[in-house]
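**Student:** Sequence first, then the predicted structure:
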Amino acid sequence: MSVMSEVQRRATPSRRFWPGSEKGVLWALTLLIGILSIAPLMRLVWAAMAPEGVPDISRLSHLLGTRKVLTATLNTLTIAVVSTLLAMVLGTVAALLIALTNLRGKQAWVFTFILPLMIPPQVTALAWVQALSPSSPVLQWLGLTLPAGSTSPLYSLTGIIVLLGLHNAPLVFLMVRAGLRRLPAELVEAARSGGAQPWRVLFTVILPLVRPAIFAGAALSFVTAAGNFGIQAMLGIPGRIPTLITLVYQQLNSVGASALTDMAVLSLLIAAITLAGLMFSRWLGGRQDVRVTGTPRALHQSLGRWRLPAEIAAWLWMSLTLLLPLSALMTTSLTTGFGQALTLQSLTLSNYANALFGYPAIRHAFMTSLGLTVMTALILTLSSLFLAYFLSWQRTRLVRILQLSTELAYALPGIVTGIAAILFFLKPLPLVHISLYGTVWIILAAYLSSFMALVLRPTLAGFAQIERSLDEAAQIFGASFLQRMRDIVMPLAAPSAMAGTILVFLTALNEIQVSILLVTSGTQTLGPMIVFLDEGGSSTLAAAVGCLMIGVVLIFMLLASLFARRLPEGVLPWRV
């Protein structure tokens, strides 16, 4: 019998099930994840399949067979598939340039390439609409104005696909770059020494080896595209391009809670599409069975005389896809009316003054979002530290189920989580007889369910660098579980956990996917405010709010970068 087993056998029975013991904390995590993630999803499935307590197949077939649902489903699949193909091409090319070539200024380019992924999608859509509208001041300045009276080309199926492809390309980039870093350099060097040309090496050696990474990125892109409410709503609703997500949103807004059971069916359909996309991408990616010998070495391919043209093309692309829409958004925010040229006479800061001080609804939405984000980050950071402990050093079946539940809640579109939360928390809670529906607490519950995996991943990376012998030594000398966590484990894992905390801040503060169905007039959050302002005709004010949201994102990204050297490699996605 090992020393650790003997110590555990001799543990005092009265403390073995103490709430602060390992088992007590594990069951507390089980209760938390069960109430926030597992139970709402089970309630969603039950409401969709058997709203009256008995399975009703005829009702399901009738609802799913209606013309508007079939059209929305076809549009959702088309948008998800084609935008994923676009994201695969863009993300893979970008990863090859950054990981394999001697391109200069990689850190700055990667930061700007990843930035659109951190910007809320509704802000991205607003920026592009203002950049490509007939009255766009930026296009007027470039002499590329569209015909007067015409609608923006983005209000179309093609517009949604292009924007989602651009928005999700960084997801593919991150996965492919990680795959390229794990490539066995000796295989590539052997092909080169055999006289193979660079293009032949790329298509016969490198790309086949990183195929699993490419399709893993494609899976993320597919899930994100199918569940992206911000871009689909900002472009699809005005352009009359129905998708499953916008259909759920419009039906609940027009009909109300009486449509919940039907919307549960559509939410389940969205979940089925995303999960099917994940499994199909995994099947296409296959298994990666590559054995690396020796010390891993980075691959480098000199671009030679093509380096300067490649750098010009890369930064020109960045100017068109990032600076053009952001400059249009900022120009609109600095004028008194949408479409005005920015001159000394039209320049004004009144939109920013109104956004910060003039409109109580915006200020209230910001404070609500800030409070919810702080609570979400604190609760999830603490929970992830304990869950990462069990996942790293006591990986039982229960712990694996908890991790799978958090990953599933994160993978599902936010609007599915929102519907599940409404169904589960609509009725008053047992014992206390209080309903969370219509309060900020239902939004907090949905945030905790959706973003647990976002904090857990970097925390697990931090635990991988901790020697377990430190924890075992403290346990031998009689330190309790909470003492070991407080004095030994948490200080060592804190930097990685803080990186996850910052990622939650970047995601939750401006989030729209989860909260769009949960907000009310008294519990407004910042993310949906862009949609509501734009729908209300306040384009310049919406632009100012969007610019402020981008500023907050930049601050947190730069703040996280200050601690990059203390974090495990790959925790901050925008670091080379």
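**Tutor:** In hand now; what should we look at? Everything numeric in this text was worked out from a predicted model, so none of it was measured.
**Student:** which residues of the stretch 351-500 of the chain score low on pLDDT?
**Tutor:** 430-432 (pLDDT under 70).
**Student:** In it, mark out all the helices, start to finish.
**Tutor:** 360-393, 397-411, 414-425, 440-463, 468-476, 481-484, 490-508 (DSSP state H, counting those that start in this stretch).
**Student:** tell me how far the fifth one is from the chain's mean position?
**Tutor:** Looking back up the chat, that one is helix 468-476. Computed by CA atoms, centre = their mean, to the nearest Å, the chain-centroid distance of helix 468-476 equals 36 Å.
**Student:** packing partners for that helix?
**Tutor:** helix 3-9, helix 360-393, helix 481-484 (3 or more CB pairs under 8 Å, 6 or more residues apart in numbering; DSSP states H and E). Yep, even glycine has a C-beta here, placed from its N, CA and C like the rest.
**Student:** out of those helices, deepest packed?
**Tutor:** helix 360-393 (a mean of 19; mean count of other CB atoms under 10 Å).
**Student:** Same list, the helices and strands packed on helix 468-476, but as a markdown table with distance to residue 347 please.
**Tutor:** Shown next, in a markdown table, are the helices and strands packed on helix 468-476 (distance: least, CB to CB, whole Å):
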| stretch | distance to residue 347 |
| --- | --- |
| helix 3-9 | 69 |
| helix 360-393 | 22 |
| helix 481-484 | 58 |
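**Student:** Of all those, which one is nearest residue 101?
**Tutor:** helix 360-393 (35.8 Å; CB to CB).
**Student:** helices and strands around that closest one, which ones?
**Tutor:** helix 22-33, helix 397-411, helix 440-463, helix 468-476, helix 490-508, helix 526-535.
**Student:** Can you pull out the residues in contact with the last one?
**Tutor:** When you say that, I think you mean helix 526-535. With CB atoms under 8 Å, 6 or more residues apart in numbering as the test, helix 526-535 has contacts from 120, 122-123, 126, 230, 233-234, 361-362, 365-366, 368-369, 509-512, 515-516, 519, 539, 541-542, 545-546, 549.
**Student:** average model confidence for that helix?
**Tutor:** For helix 526-535, the mean pLDDT works out to 85.
**Student:** I'd like the numbering to begin with 127 instead of 1 from here.
**Tutor:** I'll keep to 127 as the first residue from here, and by that count the last item is helix 652-661.
**Student:** just checking, next helix/strand downstream of that helix?
**Tutor:** Sequence order places helix 665-688 as the next helix or strand after helix 652-661, per DSSP states H and E.
**Student:** Name the residues of that next one that are buried.
**Tutor:** Of the residues in helix 665-688, 665-676, 678-679, 682-683, 686-687 count as buried by neighbour count, 16 or more other CB atoms under 10 Å.
**Student:** Stretch 597-607 too?
**Tutor:** 597, 598, 600, 601, 605, 607.
**Student:** wait, the last one sits on residue 148?
**Tutor:** Yes. Under the criterion of CB atoms under 8 Å, residue 607 makes contact with residue 148 at 4.8 Å.
**Student:** what are the phi and psi values for the residue nearest to residue 428 when sequence neighbours are not counted?
**Tutor:** Excluding its sequence neighbours, the residue lying closest to residue 428 (CB to CB, 6 or more residues apart in numbering) is residue 228, at 5.3 Å. The phi/psi pair for residue 228 (degrees, to the nearest 10) reads phi -100, psi 40.
**Student:** mind checking which helix or strand residue 212 is in?
**Tutor:** Going by DSSP H and E, residue 212 is in helix 193-226.
**Student:** what's in contact with the helix or strand that that helix is followed by?
**Tutor:** Following helix 193-226 in sequence order, the next helix or strand is helix 232-244 (DSSP H and E). With contact meaning CB under 8 Å, 6+ apart, helix 232-244 is reached by 220, 224, 229, 250, 292-297, 299-300, 440-441, 444, 447-448, 632, 679-680, 683, 699-702.
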